[in-house]
Structure formats: structure tokens, C-alpha cells
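> Need a 3D model of the following:
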Amino acid sequence: MMDPSAPILFFDSGVGGLSVLGPTLKLLPNAPIVYAADSAGYPYGTKSDAELASRVPALLGRLVERFNPRLAVIACNTASTIALAHARSALDLPFVVTAPAINPAAELSKSRVIGVLGTEATVRQPYVDDLAARFASDCTIIRHGSPELVELAEAKLGGEEVEIEAVRAAARPMFDAAGGDRIDTVVLACTHFPLLEEELRAAFPRVSYVHGGDGIARRIAYLTRGQPWPVSPPQGLMLFTSATRMPSLAALADFGIGEIKTL
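Below is the predicted model:
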């Protein structure tokens, strides 16, 4: 019998996974939450595959041992693509991961030119080619890795004002690439980027934006169907591996987080 207090564990390099946590709490408002941000390893998008394949499972192992979660969500596209197989081989619990929402983007695009906006590590992965071949074979895919947008999302959740012009400059190379002027749909292939969707829409208003947050939330709800939950919403716990990149509780109020600690 599942313990009602067993949490859902969310894992990311920073605050990007909040774009998955938010939709999840709409479906499962009484779910206990532990959100772990590997701020000491941030940013993941510029790290080597070998480094992440070692680091992520080791951290997840510590978290699983400490919190005994019912499910782990790797709420980071980069970590999902590089470290999932290693984590699954080391840990005996269900995993939910993120992937670029190329399928819904292909269903939406009229121009058949789709932008994939992610981290440098994510956009270089062969699985993006695989998703494009399976779901968007008649589309041109233009990729752009933007560490600057990751920084801007972190700054926004840290309480800083984000300028539209900074967001525009960070994403502009994707639209300046050959054929980029025909992009009508952009896949936000980093969980940080939906946190900047309002700014992206202001910067590039003629473009539609898609991401996987709602679909991931539905997958979490499906995998936990029939399991018991607390009778009232508990306070979520957010953990950081370093104290250098910690947002305020006020910035996290909409995500059910009531406590912040370092791991």
C-alpha cells in the first residue's frame, strides 16, 4: 500500500522544472512535492554527456534514499536525454521524463518550418532527429541552443526584471538562420523556457509556442492513478545543491513550495 505522504520527486538543474510542476499540481493538488534543483551543477546545457551521465544518477540516488518518492520526474530535457538510461539502471522506481514537443508542433505548423529552442546539449542530441523523422518528416526543423534564455528564466524566478529585448536577442539567431523567417511554431525544448513564454510572445508575436508541461503532468497523473494522497495540500519542499541560486518563497508561491533548503 502506497504511503499517502510519499512525494513526487522533481529534478532539474534549476527552476525550469517549475513549468512541469505547475500543471502537475493542477491535476494533483494534494500531491506531496520535493523539488530538487542541482544549482551546484547548473547549467546542464553546457556540460558534457559523460559528466551528466555520472552526476545525475548519483544525485537522484541520494534523493531517492532520503525521500523514498513514489515517482521521479526528470524535469529537464538535457538530463532526460543523456542520463535517463543510467538512472533507470541504478534506481528501482518509475521515471517520467521530458522530450521536445515536436509532434504537437507539427500538427500546428502551417508553414512547415518549426523552430526547436533548447539548450546547446539538447538540440545537438540525435533523438531530436528521431522525433523529427517520426512526427515532422515533411517539416524543416531549425534548432537553436540558448544558454542566455536559461539565465534569463533563472533571473526572472529570482525576482529580477527581464527585458523583452534581452529575450529577443537570445532567440534571434534561430529566426536569422536560413529559412528562419518562415518559422511559425517554436518548440520550447527546455523546461526553463515556458517560464519566459510571455516575454517570447512579446518578442516574436507571430509565432506559436508549444511545450510538454501539460502532457507530462497527464503522464504523472496516469502513473499515480488510484494511489492515496494526503487529505489536504501539503507544503512542497524545494532543495538546492548550492545556496548561490535560490529564489524567494514569494516567487514560488504559485507552485505550492513552502520551504527551501540546501541538500
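> what residue ranges in the stretch 101-250 of the chain score low on pLDDT?
Applying pLDDT under 70 to the stretch 101-250 of the chain picks out no residues at all.
> Can you show me the helices along it?
102-108, 120-123, 126-135, 147-157, 164-176, 197-203, 213-223 (DSSP state H, counting those that start in this stretch).
> V113: neighbouring residues, count only.
Burial of V113, expressed as a neighbour count using other C-beta atoms under 10 Å, amounts to 17. Every residue, glycine included, has its C-beta placed from N, CA and C.
> for it, what are its contacts?
Taking C-beta atoms under 8 Å, 6 or more residues apart in numbering as the criterion, V113 is in contact with C139, T140, I142, G179, G180, R182, I183, D184.
> Run through the bridge partners of it.
T140 (DSSP bridges).
> before we move on, back to that, filter the contacts of V113 down to the buried ones.
Buried positions within these, assessed by neighbour count (16 or more other C-beta atoms under 10 Å), are C139, T140, I142, G180, R182, I183, D184.
> what's the most distant pair in those?
With C-beta to C-beta as the measure, no two of these lie farther apart than C139 and G180, at 13.4 Å.
> about what we covered before: dump the contacts of V113 to TSV, plus distance to S54.
Listed next are the contacts of V113 as TSV, based on distance: C-beta to C-beta, whole Å:
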residue	distance to S54
C139	35
T140	36
I142	32
G179	38
G180	36
R182	40
I183	36
D184	40
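> hmm, who's touching the longest helix along the chain?
Determined from DSSP state H, the single longest helix within the chain is helix 49-67. Contact partners of helix 49-67, identified using C-beta under 8 Å, 6+ apart, comprise 7, 9, 11, 34, 36, 38, 41, 44, 47, 69, 72, 74, 78-79, 82-83, 86-87, 90-91, 93, 121, 239, 241, 263.
> Can you name the residues that contact V96?
With contact taken as C-beta under 8 Å, 6+ apart, V96 is in contact with L71, A72, V73, I74, I216, R219, I220, L223.
> repeat that for 7 Å
Listed by C-beta atoms under 7 Å, 6 or more residues apart in numbering, the contact set of V96 reads L71, V73, I216, R219, I220, L223.
> what's the closest of those residues to P173?
P173 has its nearest neighbour among the contacts of V96 in I216, at 27.5 Å by C-beta to C-beta.
> And the closest residue to G22 other than its chain neighbours, how close does it get to H86?
The shortest distance from G22 to any residue that is not its chain neighbour, by C-beta to C-beta, 6 or more residues apart in numbering, is 5.9 Å, and that residue is F255. Note on F255: its distance to H86, by C-beta to C-beta, to the nearest Å, is 28 Å.
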